[in-house]
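Asker: structure for the following, please:
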Amino acid sequence: PFVGLKDGLLVDLVDELAGRHERTDQERQALAAATALARRYLADEAHGVQVARLALQLFDQLADAELHSLGDRERRILLAAAVLHDIGQFVGYRGHHKHSLYLLSNSELAGFTPHEMQLVANVARYHRKSEPAARHEAFAALPEADQRSVTQLAAMLRLVDALDREHRQLVTALQVRLDGRELELRLTGRGDLLLEKWLVRRRAEPLSRVFKLKLRLVD
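Answerer: Purely as a prediction, here's the structure:
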């Protein structure tokens with residue numbers, strides 16, 4: 001099932017899952033189910049997997065810095081939402097984040113409960129445009145604790161999606177370091193990454209606000 005993905009990104013992500021967490025079976029199942037659904041809707045699979053790789057790197061490093069206490073469930077939700085955030089483009093590019101919300105809200109993924117799929121759908125919905133708000137029906141329907149989780153996960157997804165805006169997988173890794181109330185972000189990749197750095201600065205505000213810190217790019 002992993003054959004043909006650009007640059008072996010899916011194999012790389014499976015290896016990263018195996019190297020990081022004990023509960024790899026659940027995450028591998030989540031990844032396999034998410035990529036199968038992405039293919040069904042003709043999504044750019046390489047982009048989705050790249051965003052997932054970077055999203056999990058950011059999730060884990062923010063956890064190491066004790067900036068969130070989200071657990072394995074939320075990590076799987078972020079993984080699925082990252083792979084699937086653009087599936088709404090199957091309906092149309094305009095408003096595709098809302099189309100992704102609808103499609104995912106009405107989809108099933110092996111290993112995810114119906115409620116967890118609502119969380120996946122909401123995180124994917126907020127990868128662009130509006131941030132989570134009480135006026136949004138699907139978000140408002142979630143319990144308060146899940147609203148907080150979605151807000152944090154969506155801020156992470158929004159930031160890392162900017163790192164592959166052109167769908168070229170130029171960023172190979174990210175590193176974050178907490179320095180007081182500043183979060184230093186260092187990017188590793190191919191080329192000068194000038195566009196990616198510019199986009200990160202434009203997408204940093206939600207993450208900065210959610211975690212109450214300032215994001216600063218460092219070389």
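Asker: can you map out the helices along this structure?
Answerer: 9-20, 24-40, 45-64, 72-84, 96-105, 114-125, 137-140, 144-162, 194-211 (DSSP state H).
Asker: close enough to count as contact, Arg181 and Ser208?
Answerer: No. When contacts are counted by C-beta atoms under 8 Å, Arg181 is not listed as touching Ser208 (9.8 Å). All C-beta atoms are positioned from the backbone trio N, CA, C, and that covers glycine.
Asker: poorly predicted segments of the protein, please.
Answerer: Applying pLDDT under 70 to the chain flags residues 1-11, 15-23.
Asker: out of the helices of the chain, indicate the one that is most buried.
Answerer: helix 72-84 (a mean of 25; mean count of other C-beta atoms under 10 Å).
Asker: can you dump the C-alpha coordinates of that one into CSV?
Answerer: As requested, C-alpha coordinates have been extracted for helix 72-84 and formatted as CSV (Å, rounded to 0.1, in the frame of the first residue of the first chain):
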residue,chain,number,x,y,z
ASP,A,72,-2.1,9.7,22.1
ARG,A,73,-5.7,10.2,21.1
GLU,A,74,-5.1,13.8,20.1
ARG,A,75,-1.9,12.8,18.3
ARG,A,76,-3.8,10.3,16.1
ILE,A,77,-6.5,13.0,15.4
LEU,A,78,-3.8,15.4,14.3
LEU,A,79,-2.2,12.7,12.1
ALA,A,80,-5.5,12.0,10.4
ALA,A,81,-6.5,15.6,10.0
ALA,A,82,-3.1,16.5,8.5
VAL,A,83,-3.3,13.7,5.9
LEU,A,84,-6.9,14.6,5.0
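Asker: now that helix: how far from the chain's centre is it?
Answerer: Its chain's C-alpha centre and that of helix 72-84 lie 7 Å apart, by C-alpha atoms, centre = their mean, to the nearest Å.
Asker: distance of the residue nearest to Met156 when sequence neighbours are not counted from Ala173?
Answerer: Leaving aside its chain neighbours, Met156 sits nearest to Leu58 (5.1 Å; criterion: C-beta to C-beta, 6 or more residues apart in numbering). Going from Leu58 to Ala173 by C-beta to C-beta, to the nearest Å gives 11 Å.
Asker: re the thing from before, check contacts around the residue nearest to Met156.
Answerer: By C-beta atoms under 8 Å, 6 or more residues apart in numbering, the residues touching Leu58 are 156, 159-160, 174, 176.
Asker: ok, Met156 - contacts?
Answerer: Contacts of Met156 (C-beta under 8 Å, 6+ apart): 55, 58-59, 62, 78, 207.
Asker: what's the closest of the residues you listed to Gly111?
Answerer: Distances from Gly111 to these, taken as C-beta to C-beta, are shortest for Leu78 (14.1 Å).
Asker: so that closest one versus Leu183, what's the distance?
Answerer: 18 Å.
Asker: go on, Ala55?
Answerer: Applying C-beta to C-beta to Ala55 and Leu183 gives a distance of 16 Å.
Asker: stretch 13-33 spans what distance, first to last residue?
Answerer: 14 Å (C-alpha to C-alpha, to the nearest Å).
Asker: any chance of the helices of the chain in CSV, plus distance to Val218?
Answerer: As requested, the helices of the chain are arranged in CSV below (distance: least, C-beta to C-beta, whole Å):
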stretch, distance to Val218
helix 9-20, 23
helix 24-40, 30
helix 45-64, 14
helix 72-84, 24
helix 96-105, 30
helix 114-125, 27
helix 137-140, 33
helix 144-162, 15
helix 194-211, 10
